[in-house]
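> show me how the following folds:
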Amino acid sequence: MNKFLTTTALVFLGTSAFAEEAAPEAPAAVTLGGSIETVIAEGANDKYGATTSFELNGSLANGLATGSMDFVVGSSDELKLDEWSMGTTVAGMGLSFGDQGNAWISTEAGSTIEEPTMNESLQISGLGATVALGFTSVSTDVTDIANVQASYGMDLSILEVSTAGDYNIDSQDWVVAGRADTVGIIDGVRLGGAMSYGSASESIGFEADATVMGVTAYLSGDQDDMAQHVGGSYTYNLKGLDLEGAVDYDIDAEAYTPKATLSFNF
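Now for the predicted structure:
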């Protein structure tokens, strides 16, 4: 771990030094931030294990260059790079490249909402919209595009609405999804809902959730079974440390899945 932190610091300090050489009259300071998160959940053999992840974000003071690295401690206690990205801003549009997740809507459970995966990608964002080109494998062929995603978010006074779509170039399958959340109608209360539809599954999935004074409850299902999962979570901030307890109940399997998460940002 000490080697990892030392190497990371040298990388960012080296970037700062390069910026200083390129423009000595206006040295570019580097801002570092990140988070540490530990998730305790049930794994194999009905045992509870902990998975810890570390996220580091860096940016130049002028905001033109950014970078991020997300590390996860695996079952063998080895620190592995899970996601990474580097980007910049051009003409008010954000450009980023890396293994940086997808451009999709948010969910509470996600058990019945379709969410296409994305490998390394090139993402362009601005004015509330994001367009992502996902590669099959950048190490093999940087011209082989696997899928295209787009998302858009709108603030409609009392509603926050987000939409997303994905098109798989090889299979020609597509998925669309949308989410809406109430804003400021009642203090401390938020109502939300999400839906998705995929051409391959030909199924409509939905999720409805409500948050009252930090307690969130949800119900999810699809067009064939309206009630498949029910669950909830509660988050409490203890002097900067976020503590979250959550549980999901699979109605068909009659099985509970509890989870506890500890995290803090720096």
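> and A44, backbone torsions?
The phi/psi pair for A44 (degrees, to the nearest 10) reads phi -70, psi 150.
> of all residues in the chain, which one is nearest the centre?
Nearest to the mean C-alpha position of the chain, by Cα atoms, centre = their mean, lies G101 at 6.4 Å.
> quick one: contacts for it?
83, 118 (Cβ atoms under 8 Å, 6 or more residues apart in numbering). The C-beta positions use only the backbone N, C-alpha and C, and glycine is treated the same way.
> so what pLDDT did it get?
G101 carries a pLDDT value of 94.
> same thing with T15?
With respect to pLDDT, T15 scores 39.
> what about the helix or strand encompassing I40, average pLDDT?
Per DSSP states H and E: I40 is located in strand 30-42. For strand 30-42, mean pLDDT is 93.
> all further residue positions should be reported with the first residue as 17.
New numbering, starting at 17: the last item is strand 46-58.
> give me the residues contacting that strand.
28-29, 31-32, 64-77, 273-282.
> direction included, what does it pair up with?
Partners of strand 46-58 in the sheet, by DSSP bridges, are strand 64-76 (antiparallel), strand 271-281 (antiparallel).
> select the helix or strand of this protein having the lowest average pLDDT value.
Comparing helices and strands within the chain by mean pLDDT, DSSP states H and E singles out helix 18-38 as the least confident, with a mean of 38.
> please name the bridge partners of the closest residue to N184 other than its chain neighbours.
The spatial neighbour of N184 that comes closest, neighbours along the chain excluded (Cβ to Cβ, 6 or more residues apart in numbering), is N163 at 4.8 Å. On the basis of DSSP bridges, N163 is bridged to G150, N184.
> ok, N163 touching I185?
Yes - in this structure, N163 is within contact of I185 by Cβ atoms under 8 Å, at 6.2 Å.
> is Q188 in a helix, a strand, or coil?
Classification of Q188 by DSSP: H, G, I helix; E, B strand; the rest coil places it in coil.
> how many other residues sit next to it?
9 (other Cβ atoms under 10 Å).
> ok, it to A216 distance?
According to Cβ to Cβ, to the nearest Å, Q188 and A216 sit 10 Å apart.
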